[in-house]
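> Here is a sequence with its predicted model. Questions after.
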Amino acid sequence: MTTVRTRVAIVGAGPAGLFLSHLLHLSGIESVVIDQRSREQIETTIRAGILEHGTVAAFEATGASTRVKTVGNQHDGIELRFDGEGHRIDFADLVGRSVWLYPQHEALKDLIAVRLEQGQDLRFGVTALRVEDEASDQPRIIAEDADGEPLEIVADVVVGADGSRSVVRKAVSGTHSGFFREYPFAWFGILCEAPPSADELIYSNSPDGFALISQRSATVQRMYFQCAPDTDPQSYSEAQLWDALQLRVPGTTLTEGPIFQRDVLRFRSFVADEVRKNRVALIGDAAHTVPPTGAKGMNLAIADVIVLERALRALLLENDERLIEQFPETVLRRIWKAQHFSWWMTSMLHADENATDFDRRRQVGELRSVVESRAGSTYLAEAYTGWPIDV
Ligand code: PHB
């Protein structure tokens, strides 16, 4: 068994784990990051792409990613479409903020490059099996390296940034793992080669279900439509996919092109019942998952990191435990606000097959009270562009 010693052992080289190691490095705190995936897998898996105002500011100020503003696109609003009409929510006017469309895997490429350049101990293909001694001041990760050899990482703090199927979570939450909500639908996502169909993202509610018209670049577009969770991605022909999308954005004509990737995303809401136990903490999807409708997933992870890093700095450099003790309370406030926003966007925009006529008309009434009211639109704009990160 090889033993490695470090101050902070991080499981997961996603946005949360990598950004945490980056901030710790800037504070002079050594860490080791492991991930069971290969670098290539991490850098090529397609995920969502909206960065909040505060996420972009944090990436820029710390040099974690310097390409957001050159490769990404600034979006000053979104369109909410229902009853055959589009309504623009003007973020710049309502809250003076915008968001950036910058695919998560591009942010990951930036983060990995910066971490490696700065000498980060970052190990791919290493599988965490469990956390031991979680009640002590020296918790340990028991892992298996890329060759199947046993590896142990002993640290002052262990952080689980290892996604919704977190291995670290067991050491924090025990067997009662948390609060759940399942949804009776999923998203069918496609990537196609075509010019954008609209300047901004379109979130569309229609009697046939929800659709989201998003983008990736001048030549590649990302679109989703609501489907049943057990849908087989191969069950649709290309023509059927375009029909399904087109049907769900009445009043808009989509620019079609060859579809080169398709996937079905099941989603749910989840919050772990504990996000810290002694010197083991959870961040990002390991602590919470949200449905993608509010574009909150990665942004919430980055907000967790900012709070945790301050707490680790106080603990490890000044022996001050106050912030790490407050960590759950601080992050859970934002997490539950984001849970509400993601649930609200999801329930307001999707068609539930058990909905009555009353429910459907009420839903359109709800959408009207957002787009026809400055107060209603401002709530959406504030939440979508991101609440200030208050630490
Ligand atoms: C995406 O572009 O993949 C995307 C954008 C906004 C969302 C979800 C996904 O709310």
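That came through fine.

> Not counting its own residues, what contacts stretch 310-317?
Contact with stretch 310-317 is made by 7-8, 24, 27-29, 156-157, 320-324, 326-327, 391, as judged by CB atoms under 8 Å, 6 or more residues apart in numbering. For every residue, glycine as well, the C-beta is placed using N, CA and C.

> Recalculate using a threshold of 7 Å.
Residues from elsewhere that reach stretch 310-317 (CB atoms under 7 Å, 6 or more residues apart in numbering): 7-8, 24, 27, 29, 156-157, 320-324, 327, 391.

> from the chain's centre, how far out does it sit?
Relative to its chain's centre, stretch 310-317 lies at 25 Å (CA atoms, centre = their mean, to the nearest Å).

> So residue 78 is in contact with residue 200, correct?
Yes. With contacts counted by CB atoms under 7 Å, residue 78 reaches residue 200, the gap being 5.6 Å.

> Of the two, which one has the most company?
Taking other CB atoms under 10 Å, residue 78 and residue 200 do not tie; residue 78 has more neighbours (25 against 21).

> So what are the sheet partners of the helix or strand harbouring that one and their directions?
If you go by DSSP states H and E, residue 78 is part of strand 77-82. Note on strand 77-82: by DSSP bridges, its sheet partners are strand 85-90 (antiparallel), strand 202-204 (parallel).

> and the contacts of stretch 310-317, which of them are in helices?
Among these, the members found in helices (DSSP state H) are 24, 322, 323, 324, 327.

> Would you mind listing which of the residues you listed are buried?
24, 323, 324, 327 (16 or more other CB atoms under 10 Å).

> Just give me the closest of these to the ligand.
Closest approach to the ligand among these (CB to the nearest ligand atom): residue 327, at 27.2 Å.

> ok, the closest one touching residue 308?
Yes. Residue 327 is within contact range of residue 308, at 6.2 Å (criterion: CB under 7 Å).

> Name the residues contacting each of these two.
Common neighbours of residue 327 and residue 308 (CB under 7 Å, 6+ apart) are residue 281.

> quick one: strands adjacent to the strand of greatest length in the chain?
Longest strand in the chain, counting residues (DSSP state E): strand 178-193. Partners of strand 178-193 in the sheet, by DSSP bridges, are strand 220-227 (antiparallel), strand 259-272 (antiparallel).

> Can you say which of the ones you listed is packed in most?
strand 220-227 (a mean of 23; mean count of other CB atoms under 10 Å).

> so what's the residue minimising distance to the centre of the chain up against?
Nearest residue to the geometric centre of the chain (CA atoms, centre = their mean): residue 297, 2.2 Å. Neighbouring residues of residue 297 by CB under 7 Å, 6+ apart: 48, 285, 290.

> what does the stretch 101-250 of the chain put close to the ligand?
201, 212, 214, 222 (CB under 6 Å from any ligand atom).

> Just send these back as CSV, with secondary structure and distance to residue 250 too.
As requested, these are exported to CSV (DSSP: H, G, I helix; E, B strand; the rest coil; distance: CB to CB, whole Å):
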residue, secondary structure, distance to residue 250
201, coil, 17
212, strand, 15
214, strand, 18
222, strand, 20
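
> which of those sit farthest apart?
Maximum pairwise distance in those, criterion CB to CB, is 9.6 Å, between 201 and 222.

> Mutual contacts of the two, please.
residue 214.

> ok, residue 227 to residue 188 distance?
Computed with CB to CB, to the nearest Å, the distance linking residue 227 and residue 188 is 4 Å.

> overlap in contacts of these two?
With CB under 7 Å, 6+ apart, residue 227 and residue 188 have common neighbours residue 264.

> Out of the contacts of residue 297, who's the most crowded?
Most neighbours among the contacts of residue 297, by other CB under 10 Å: residue 290, with 26 neighbours.

> show me the contacts for the residue nearest to that one when sequence neighbours are not counted.
If the residues on either side of it in the chain are set aside, residue 290 comes closest to residue 342, at 3.9 Å by CB to CB, 6 or more residues apart in numbering. Applying CB under 7 Å, 6+ apart to residue 342 gives the contacts 269, 290, 291, 293, 294, 296.
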